[in-house]
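**Student:** build me a structure from this.
(chains A and B)
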Protein chains: 2
Amino acid sequence: MAAARWISLVSVSLNVVFLAGVVLVIARRGGWAYLQERSRPQPSREAVIFQSPYYRHRQSQFEKLPVDSSSILFLGDSITDEGEWSDWFPGATIHNRGISADTTSGVLRRLPDLLETPPQAIFLMIGINDLIFLERSPDQVLSYYQQILTLIQQRAPQTQVYVQSVLPVSDAVFPGINPKILQFNQSIAALAEELDYRYVNLHPLCVVNSQLDGACTADGLHLNGEGYARWAEYLRPFIAAIVAK
Amino acid sequence: MAAARWISLVSVSLNVVFLAGVVLVIARRGGWAYLQERSRPQPSREAVIFQSPYYRHRQSQFEKLPVDSSSILFLGDSITDEGEWSDWFPGATIHNRGISADTTSGVLRRLPDLLETPPQAIFLMIGINDLIFLERSPDQVLSYYQQILTLIQQRAPQTQVYVQSVLPVSDAVFPGINPKILQFNQSIAALAEELDYRYVNLHPLCVVNSQLDGACTADGLHLNGEGYARWAEYLRPFIAAIVAK
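**Tutor:** Numbers count the residues shown, from 1 in each chain, chains lettered A, B, ... in the order given. Below you'll find the predicted structure:
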């Protein structure tokens, strides 16, 4: 019986320690408010993107910055957002309309605003966040992409669209994504031809062993200066032709 | 004694449940690797910033984008980074050299590269991340700021520097920071005068009740389109004067 008492004492003490630990961790994370937040139904991943302050800030800045019929828009996600396009192409009227974390459905949502005055050209790169973070299939992403191009063709028939391939990623960081990218790029290349838009195959510029060249990235997804330099060199003749018009 | 046994049974069962819970949480966070990671000495907050892929990507892109003696640099942290300066000032040769999360010591580190060819003008806004995330005192931040301005004066004596005030933040999100901002702004205004640089007081443009105007932000720190519009309007005469030279 002495042993039973001893076990009981140790066990109860351990429980008190455990409980105190749990309470402490919860308290440090914000206490009751944290528990309420955790138990609330979570918004969809895409709603989280669109509602983020960053996304809303970018959108509201774009609303204040009108484009005109000689404008060249770079439209897409973080990979477009992080490029200093007006530095890469001095002399051209470039507007960066990338928003980090954006998706095909996000671009579709903000397209009507961007086309109010149709620009001269749009360089579009979008879809990787759909594949990675929203876990959409290439076919699902394609259906949004098709809506994007169709909307541009309806509302801005004079605008030249450059359908840029999605770039490869690192297999170690994003396993299983590269084959989906290849499939998706084939589909948008076909779509571009169908709609008489130019397909720009950037994929080979930064690829080694079927994945993103380590010389172009520090995180397996986004680009460093070398990545942007290769991209910009490839686009230079297209930009020159647009500006010359 | 039956009661003691019962207590013992319940308590030991609770021990098992708690232990299982802890093991489960650790396993879900990565198991042994997670514990090792947690117990390793953490790099400084500033090292985390400088080593982030985003920071390295931006820096390496800037290295590939030379400036010249007619360039206007916007230099700073996320608040500069997120501004579409070449859209706000068409006709001027603007280069965005902001990096999200940057600090006074970060700007000091990358300044030699940026001054290789001295630009015509620099619009500098830096210091808020020092105050908020590195928890530096206004005087500590000032000492870095002084080194920044002194280095510019040494290496690029012809470059005009516009010392922009740090903007207010929201008290609810960043309690206790606004008084430090006021103190810091007073110091850099005095420093600018001492070094014969122009102090640009943006602080009043987006302030309501001594904190960041809710009309200018969605997160109490960064700016939306309204915030950038007020800022750009205020700078317009300065930019026009620079371009006219």
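**Student:** pull out the buried residues from stretch A:132-147.
**Tutor:** Burial within stretch A:132-147, assessed by neighbour count using 16 or more other CB atoms under 10 Å in any protein chain shown, is assigned to A:132, A:134, A:136, A:138, A:141-142, A:144-146. Backbone N, C-alpha and C define where each C-beta goes, glycine included.
**Student:** and which of those residues is nearest A:Thr103?
**Tutor:** A:Leu134 (6.1 Å; CB to CB).
**Student:** thinking the closest one is in contact with A:Asp102, fair?
**Tutor:** No: using CB atoms under 8 Å, A:Leu134 is not in contact with A:Asp102; the gap is 11.1 Å.
**Student:** near chain B at all, the lengthiest helix in chain A?
**Tutor:** Assignment by DSSP state H gives helix A:2-28 as the longest helix of chain A. Yes: using CB under 8 Å from any CB of the partner chain, helix A:2-28 reaches chain B at A:4-5, A:7-8, A:11-12, A:14-15, A:18-19, A:22.
**Student:** low-confidence ranges in chain A?
**Tutor:** A:1 (pLDDT under 70).
**Student:** okay, strands next: where are they in it?
**Tutor:** Counting by DSSP state E, the segments of chain A that form strands are A:72-76, A:94-98, A:121-125, A:160-164, A:198-200, A:207-208, A:211-212.
**Student:** need these in TSV with mean neighbour count and distance to B:Ser60, can you?
**Tutor:** Shown next, in TSV, are the strands of chain A (neighbours: other CB atoms under 10 Å in any protein chain shown; distance: least, CB to CB, whole Å):
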stretch	mean neighbour count	distance to B:Ser60
strand A:72-76	26	19
strand A:94-98	24	18
strand A:121-125	25	20
strand A:160-164	23	21
strand A:198-200	16	23
strand A:207-208	13	18
strand A:211-212	23	15
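**Student:** which of the residues of helix A:2-28 next to chain B sits closest to B:Val200?
**Tutor:** When these are compared for distance to B:Val200 (CB to CB), A:Val22 wins out at 51.1 Å.
**Student:** for the closest one, give me its contacts.
**Tutor:** Contact partners of A:Val22, counting by CB atoms under 8 Å, 6 or more residues apart in numbering or on different chains, are B:Phe18.
**Student:** what's the nearest residue to A:Ala172 if we skip its chain neighbours?
**Tutor:** A:Gly220 (6.7 Å; CB to CB, 6 or more residues apart in numbering or on different chains).
**Student:** do you know how far that neighbour is from B:Asp77?
**Tutor:** Separation of A:Gly220 from B:Asp77 (CB to CB, to the nearest Å) stands at 25 Å.
**Student:** quick check: A:Gln147 touching A:Arg109?
**Tutor:** No: using CB under 8 Å, A:Gln147 is not in contact with A:Arg109, being 10.5 Å away.
**Student:** which of the buried residues of stretch A:132-147 fall in helices?
**Tutor:** Using DSSP H, the members of the buried residues of stretch A:132-147 that fall in helices are A:132, A:138, A:141-142, A:144-146.
**Student:** I'd say A:Gln146 and A:Leu191 touch.
**Tutor:** Yes: at 6.1 Å, A:Gln146 counts as touching A:Leu191 under the criterion of CB under 8 Å.
**Student:** now do the domain split for chain A, please.
**Tutor:** Domain segmentation of chain A under automatic domain parsing yields A:2-39, A:45-244.
**Student:** in the first one, which residues are buried?
**Tutor:** Of the residues in domain A:2-39, A:7-8, A:11-12, A:14-15, A:18 count as buried by neighbour count, 16+ other CB under 10 Å.
**Student:** helices of chain A, residue ranges please.
**Tutor:** Using DSSP H, helices in chain A cover A:2-28, A:31-39, A:45-51, A:53-63, A:78-81, A:85-88, A:104-114, A:128-132, A:138-155, A:177-194, A:225-244.
**Student:** state the distance from A:Asn209 to chain B.
**Tutor:** Per CB to the nearest CB, to the nearest Å, A:Asn209 is found 20 Å from chain B.
**Student:** that residue: how many residues sit nearby?
**Tutor:** Neighbour count for A:Asn209, taken as other CB atoms under 10 Å in any protein chain shown: 10.
**Student:** same check, this time on A:Ser210
**Tutor:** Count around A:Ser210 with other CB under 10 Å applied: 11.
**Student:** contacting residues around it?
**Tutor:** A:168, A:171, A:178.
**Student:** hmm, the last one is touching A:Gln211, no?
**Tutor:** So the one you mean is A:Asn178. Yes: under the criterion of CB under 8 Å, A:Asn178 makes contact with A:Gln211 at 5.6 Å.
**Student:** hey, what's in contact with both of these two?
**Tutor:** Shared contacts of A:Asn178 and A:Gln211 (CB under 8 Å, 6+ apart): A:168-169, A:171.
**Student:** who wins on neighbours among the residues you listed?
**Tutor:** Neighbour counts for the shared contacts of A:Asn178 and A:Gln211 peak at A:Pro168, which has 29 neighbours (criterion: other CB under 10 Å).
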